[in-house]
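Chemist: The following block contains a protein sequence and its predicted model.
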Amino acid sequence: MTVPVASETLVEATQMHRFSGGKRRYAFLVPSSMIFELDNKSEQILDRLAAGPKPPADVVESPEEEVALRELVGVGAVARQGAPLI
């Protein structure tokens with residue numbers, strides 16, 4: 001599943017807990033019980049979504065962040081607002 005960045009669809013962070021271990025940042029996705037390390041771009045995107053759903057164009061500021069957003073959608077950390085996670 002991918003979210004077209006030019007779309008007016010809103011995206012939101014899914015249910016997760018972020019934490020750090022040493023100098024690294026991680027996210028624990030509640031629905032899948034998956035833990036993964038966050039890079040700087042992914043962390044910035046999730047920070048922008050912390051206040052609530054936004055259009056993808058308001059979440060990404062570079063082509064690299066567009067790739068990061070697609071990766072976050074792919075692992076289920078970000079979803080279209082109201083979309084089922086399965």
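Modeler: Alright, I've got the coordinates.

Chemist: only C-alpha atoms for contact and neighbour calcs from this point on.
Modeler: OK.

Chemist: Counting neighbours, which bits of the helix or strand containing K41 end up buried?
Modeler: Element membership for K41 (DSSP states H and E) is helix 40-49. Of the residues in helix 40-49, 41-46, 48-49 count as buried by neighbour count, 16 or more other C-alpha atoms under 10 Å.

Chemist: residues in contact with that helix?
Modeler: Residues from elsewhere that reach helix 40-49, judged by C-alpha atoms under 8 Å, 6 or more residues apart in numbering: 12-13, 59-60, 64-65, 68-69, 72.

Chemist: related to what we said a few turns ago, looking at the buried residues of helix 40-49, which is nearest R24?
Modeler: Closest approach to R24 among those (C-alpha to C-alpha): E43, at 10.8 Å.

Chemist: For F36, see how far away the closest one is.
Modeler: Going from E43 to F36 by C-alpha to C-alpha, to the nearest Å gives 12 Å.

Chemist: can you check A57 too?
Modeler: Remark: distance between A57 and F36 (C-alpha to C-alpha) = 24 Å.

Chemist: Repeat that for E65.
Modeler: Distance from E65 to F36, by C-alpha to C-alpha: 17 Å.

Chemist: More neighbours: which of these two?
Modeler: Using other C-alpha atoms under 10 Å as the criterion, E65 and F36 rank with E65 on top: 17 against 13.
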